[in-house]
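1. Let me see the structure of the following:
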Amino acid sequence: MPTHFKGTPQEILALNTFIKLTRAVESFSARLARRHTIEDLTPSQFGALETLHHLGPQRQSDISAKLLKSTGNMTLVVDNLEKRGLVRRARDAADRRVVMVSLTADGEALIRRIFPGHVAAIVDEMRVLSSEEQAALGRLCRKLGTGEPE
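-> Reported below is the predicted structural model:
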């Protein structure tokens, strides 16, 4: 669905591109959600577990930065994961302002169990793009995300 805005050709192109990008991300995410690959976790909870699984214990603020979430939102995410026994928090002994988050044994077991299926679903959904197209899309997304030319 293109824009109905009557602007300059550059404005119309930018808006139409933005609409296509947004719709593609929403559609892709909806298809993944229908597969229930992350079970009853929210995408933010899954992202936090995945980050801790691959990078080890992290400062809560670093998890929020990696997931592009506010520190307030990440506090709620970690609160809920902690209530479920999937993560634990600990104050840094050297700097009590720093909160370190790590996976519990249950959290590690959960992410190890569900991550392969999530990866398989993403690979399957990406099948509509060739390897070259996936690489090109990755480069373009990075460029757009950083806001800087290559």
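
2. where exactly do the helices run in the protein?
-> Ranges of helices in the chain, per DSSP state H, are 9-35, 43-55, 60-66, 71-83, 105-125, 131-146.

3. how does the protein divide into domains?
-> Following automatic domain parsing, one finds the domains of the chain at 1-35, 40-142.

4. List the buried residues in the shortest one.
-> It refers to domain 1-35. Across domain 1-35, burial judged by 16 or more other C-beta atoms under 10 Å covers residue 32. Heads up, the C-betas are built off the backbone N, CA and C, glycines and all.

5. I'd like the domains of the chain as JSON lines, with mean pLDDT appended.
-> Listed next are the domains of the chain as JSON lines, based on pLDDT from 0 to 100:
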{"stretch": "domain 1-35", "mean pLDDT": "91"}
{"stretch": "domain 40-142", "mean pLDDT": "95"}
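
6. Quickly compare the ones you listed and say which is most buried.
-> Ranked by mean neighbour count, these are led by domain 40-142 with a mean of 15 (mean count of other C-beta atoms under 10 Å).

7. Any idea how far it is from the middle of the chain?
-> The chain centre lies 7 Å from the centre of domain 40-142; the measure is C-alpha atoms, centre = their mean, to the nearest Å.

8. Can you give me the first-to-last residue distance of it?
-> In domain 40-142, first residue to last residue: 30 Å (C-alpha to C-alpha, to the nearest Å).

9. Would you agree residue 51 is in contact with residue 69?
-> No. The pair residue 51 / residue 69 is not scored as a contact, 11.0 Å apart, by C-beta atoms under 8 Å.

10. For residue 97, find the nearest of the helices of the chain.
-> For these, the distance to residue 97 is smallest for helix 60-66, at 9.9 Å, taking C-beta to C-beta.

11. Run through the residues that contact residue 144.
-> residue 21 (C-beta atoms under 8 Å, 6 or more residues apart in numbering).

12. ok, the nearest residue to residue 102 once chain neighbours are set aside to residue 111 distance?
-> Nearest in space to residue 102, with sequence neighbours left out and distances taken as C-beta to C-beta, 6 or more residues apart in numbering, is residue 57 at 3.9 Å. According to C-beta to C-beta, to the nearest Å, residue 57 stands 14 Å off from residue 111.

13. next one: residue 22
-> Computed with C-beta to C-beta, the distance linking residue 22 and residue 111 is 29 Å.
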